[in-house]
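In: Coordinates for the following, if possible.
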Amino acid sequence: MPKVKSNSGAKKRFKFTASGKIKRKKAYRSHILTKKSPKRKRNLRSATLVDDANAQQIRNLLPYAK
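Out: A predicted model of the protein is given here:
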């Protein structure tokens, strides 16, 4: 069997924690920031975990990750 290619876009967007969960950045932080409150922008800074419902899809895109 040949090697499976990892999805290049997914490699840049997701990281794995030591326990194997998947980290992601939050959306809505790229532009039109003037109308968003400082509290909302501050909360968008921190990374969060991918939901269990979507985790398997991302694992399929990154076959050689943990």
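
In: Spell out for me which residue occupies the centre of this structure.
Out: residue 24 (2.5 Å; Cα atoms, centre = their mean).

In: Leaving out chain neighbours, which residue sits closest to that one?
Out: Leaving aside its sequence neighbours, residue 24 sits nearest to residue 50 (Cβ to Cβ, 6 or more residues apart in numbering; 5.2 Å). (Each C-beta comes from the backbone N, C-alpha and C, glycine too.)

In: mind listing what the one you found touches?
Out: Counting by Cβ atoms under 8 Å, 6 or more residues apart in numbering, residue 50 makes contact with 14, 21, 22, 23, 24, 58.

In: need the contact list for the third one.
Out: Which is residue 22. Contacts of residue 22 by Cβ under 8 Å, 6+ apart are 14, 15, 16, 49, 50, 55, 58, 59.

In: Among those, which ones are in strands?
Out: The strands, defined by DSSP state E, take in 15, 16, 49 from the contacts of residue 22.

In: Now do the second one against residue 2, distance only.
Out: This means residue 16. 24 Å (Cβ to Cβ, to the nearest Å).

In: quick one, which of those two is more surrounded?
Out: The neighbour count for residue 16 versus residue 2, taken as other Cβ atoms under 10 Å, is higher for residue 16 (14 against 4).

In: In this structure that one contacts residue 23, no?
Out: Yes - in this structure, residue 16 is within contact of residue 23 by Cβ atoms under 8 Å, at 7.3 Å.
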